[in-house]
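Asker: Sequence and predicted structure are below.
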Amino acid sequence: MKFEFDIADGDFAKAGTSSSQVKHILKQLNVDTKIIKKTTVAIYEAEVNVVAHAVGGGKLLADINLERIVVEVADLGPGIADIPQAMVEGFSTASPEVISMGFGAGMGLPNMRKNADKLEIISGVDEGTRVVITNYI
Amino acid sequence: MKVKDVVEKLNLTVFGGEAGLDREIKGGYVSDLLSDVMGSTDEGTLWVTLQSHRNVVGIAALKDLAGVIIVKGFVPNTETLEDSDREGVPLLGTSMETFEVAGLLYRMLADDAELPG
């Protein structure tokens, strides 16, 4: 089963909407609660990153079968210059405005890593970012 | 202990999400960093924070938290209240500071819920 959602850039009011819809779908499919919880955390962080950093928004694609959940979050934003550095807890390039809301503490990517069985990040400066989160059921 | 018991004992304002006042509280968490709350809380947690924008309700709903206590008299805006009503996430308020409300809450929950330490 495949689902697609749009993520608007800069619109924090709607941040989490796609994650909420995916969570709802996983619940309806009777996926194990623990797996729903970790998947929700991982994709929420990916969604917030698109809202906070991408220009032109992005897309969330969820592909679910009996064995695994694959969620791809892709945007055409500025990209990540140094992925290992971005993975370090506490590293952030968020704006002061985003930080004042309690986001941008440099915990997003580490949260994704902790809550994904497999995490792939494909990105380059001015090339956008594609994050693929896989959780096995 | 239920959310409504805490509301009564700490004399909290109920901004929204009254439908969730019967939820059982399983623990508490104090943080103003949203990713920290996202990564560290579990279902049934009562979250104490000074953040009062819409994403607070979004996170509380995604994590199935018992509710949110907004400290120091901060008041959420209309959209945030509407979100809390729609999601049934109790959005509570107090003029107390975080340290004080967390201390009182800890004492109240100590015999009642699974707490760290």
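Answerer: Thanks, I have the structure now. Predicted, not measured: the structure shown is a model, and the values here were computed from it.

Asker: quick one, strands of chain A?
Answerer: Remark: strands assigned in chain A by DSSP state E are A:2-7, A:58-64, A:68-75, A:118-123, A:129-136.

Asker: same deal with chain B?
Answerer: Taking DSSP E, the strands of chain B run over residues B:13-16, B:27-30, B:45-49, B:67-70, B:91-93.

Asker: Give me the residues contacting the third one.
Answerer: Outside of strand B:45-49, the residues within contact range by CB atoms under 8 Å, 6 or more residues apart in numbering or on different chains are A:102, B:3, B:6, B:25-32, B:37, B:41, B:56, B:60, B:63, B:65-71, B:98, B:101-102, B:105. Heads up, the C-betas are built off the backbone N, CA and C, glycines and all.

Asker: Make JSON lines from the strands of chain A and add mean neighbour count, mean pLDDT and distance to B:Ser52 to it.
Answerer: Converted to JSON lines, those look like this (neighbours: other CB atoms under 10 Å in any protein chain shown; pLDDT from 0 to 100; distance: least, CB to CB, whole Å):
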{"stretch": "strand A:2-7", "mean neighbour count": "15", "mean pLDDT": "96", "distance to B:Ser52": "24"}
{"stretch": "strand A:58-64", "mean neighbour count": "20", "mean pLDDT": "97", "distance to B:Ser52": "27"}
{"stretch": "strand A:68-75", "mean neighbour count": "22", "mean pLDDT": "97", "distance to B:Ser52": "27"}
{"stretch": "strand A:118-123", "mean neighbour count": "15", "mean pLDDT": "98", "distance to B:Ser52": "32"}
{"stretch": "strand A:129-136", "mean neighbour count": "20", "mean pLDDT": "98", "distance to B:Ser52": "29"}
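
Asker: related to what we said a few turns ago, and the strands of chain B: which comes nearest A:Val125?
Answerer: Proximity to A:Val125 (CB to CB) singles out strand B:45-49 among the strands of chain B, at 34.8 Å.

Asker: The lowest-mean-pLDDT helix or strand in chain A near chain B at all?
Answerer: Across the helices and strands of chain A, the lowest-confidence element by mean pLDDT, DSSP states H and E is helix A:96-100, at a mean of 93. No. Using CB under 8 Å from any CB of the partner chain, helix A:96-100 stays clear of chain B, coming no nearer than 9.3 Å.

Asker: what residues does chain B put near chain A?
Answerer: Proximity of chain B to chain A, by CB under 8 Å from any CB, involves residues B:32-36, B:38-39, B:42-43, B:49, B:51, B:53-55, B:58-59, B:61-63, B:79.

Asker: give the contact list for B:Pro90.
Answerer: B:Pro90 touches B:3, B:7, B:14, B:16-18, B:20-21, B:23, B:66-68, B:84, counting by CB under 8 Å, 6+ apart.

Asker: Apply 7 Å and report the result again.
Answerer: Shown in contact with B:Pro90 (CB atoms under 7 Å, 6 or more residues apart in numbering or on different chains): B:Val3, B:Val14, B:Gly17, B:Glu18, B:Gly20, B:Leu21, B:Gly67.

Asker: Find me the pLDDT at it, would you?
Answerer: Reported pLDDT at B:Pro90 in the predicted model: 98.
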